[in-house]
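**Q** the sequence isn't on hand, but the structure is:
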């Protein structure tokens, strides 16, 4: 489907709350890549660069074109809450399905069935949950327009020590239709981790990588006596 730059820019300005906001270098290219269905994409950019704008704007554009909901795999509940707030500022209807909101599960399932939810956020552990897989995921699997893997470095051989269930995404990625839009994002990826991700998330994974240096962070060494 074609990329609509005017709509993407309007969404960015809604999300940032700044009427004169402009895209960072690489953001437009990433959004266009996803929307136009050019294949799987890995975005390696520093914290604060705006990786979430890529998948929320792409989701909104895909939904406006009549595509199905997006599925976002995210490791931290607190991060999910922030992401949902950010999504709602752009008119992206987001929901989460996790162990802390059991009282909302029935409502989330109903909204998914009615195609009201634009993006569903879940932890990697949900993918090992029988109820979620059989009662929720299988019912929307053929409608998912975009799979987002946030903190994708956790798939690598050191990252999954932190979140072992990220290994499930390796199998999931291999079984996905090759034409399904897939976006992986991280701010933590050296060359070895990137090689791991390219092997796991292939075939033909494209990479958008920028400067990871953060001016607000400094390192200092102090020599202590004795």
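**A** Ah, there it is. The model shown is predicted, which means the values in this text are computed figures rather than measured ones.
**Q** how about the helices in this structure?
**A** Counting by DSSP state H, the chain has these helices, from start to end: 5-16, 27-35, 51-64, 77-89, 105-113, 130-131, 138-140, 167-175, 191-201.
**Q** looking at those, which is closest to residue 226?
**A** Residue 226 lies closest to helix 191-201 among the helices of the chain, at 37.2 Å (C-beta to C-beta). Where you see a C-beta, it was placed from the backbone N, CA and C, and this is true even at glycine.
**Q** buried residues in the closest one?
**A** Of the residues in helix 191-201, those with enough neighbours to count as buried (16 or more other C-beta atoms under 10 Å) are 193-194, 196-198, 200-201.
**Q** so of those residues, which two are at opposite extremes in space?
**A** Within those, two members stand farthest from each other by C-beta to C-beta: 193 and 201, at 11.8 Å.
**Q** and the angle for the lowest-mean-pLDDT helix or strand in the chain with helix 191-201?
**A** Counting by mean pLDDT, DSSP states H and E, the chain has its least confident helix or strand at helix 167-175, which shows a mean of 77. Angle of helix 167-175 versus helix 191-201, following axes from the mean of the first three to the mean of the last three C-alpha atoms, to 10 degrees, is 50 degrees.
**Q** averaged pLDDT, stretch 105-116. What do you get?
**A** Rounded to a whole number, the mean pLDDT of stretch 105-116 is 94.
**Q** what's in contact with it?
**A** 68-69, 93, 95-97, 101, 117, 120, 135-136, 139-140, 143 (C-beta atoms under 8 Å, 6 or more residues apart in numbering).
**Q** which of those count as buried?
**A** The neighbour-count criterion (16+ other C-beta under 10 Å) marks 68-69, 93, 95-97, 117, 120, 136, 140 among these as buried.
**Q** residue contacts, the residue nearest to the spatial centre of the chain?
**A** By C-alpha atoms, centre = their mean, the mean C-alpha position of the chain lies nearest to residue 148, the distance being 3.4 Å. Residues touching residue 148, when contacts are defined by C-beta under 8 Å, 6+ apart, comprise 55, 70-73, 119, 182-185.
**Q** which members of the residues you listed are the farthest-apart pair?
**A** Within the contacts of residue 148, two members stand farthest from each other by C-beta to C-beta: 119 and 184, at 15.6 Å.
**Q** residue 38 versus residue 81, what's the distance?
**A** Per C-beta to C-beta, to the nearest Å, residue 81 is found 31 Å from residue 38.
**Q** let me redo that: residue 14
**A** Here residue 14 is placed at a distance of 25 Å from residue 38 (C-beta to C-beta).
**Q** if we can go back for a sec, list the buried residues of the least confident helix or strand of the chain.
**A** Within helix 167-175, the residues that qualify as buried by neighbour count (16+ other C-beta under 10 Å) are 167-170, 173.
**Q** closest to residue 87 out of those residues?
**A** Of all the buried residues of helix 167-175, residue 169 has the smallest distance to residue 87: 21.2 Å, by C-beta to C-beta.
**Q** ok, the closest one touching residue 73?
**A** Yes: under the criterion of C-beta atoms under 8 Å, residue 169 lies in contact with residue 73, with a separation of 6.5 Å.
**Q** who touches both of these two?
**A** Residues touching both residue 169 and residue 73 (C-beta under 8 Å, 6+ apart): 124, 127, 149.
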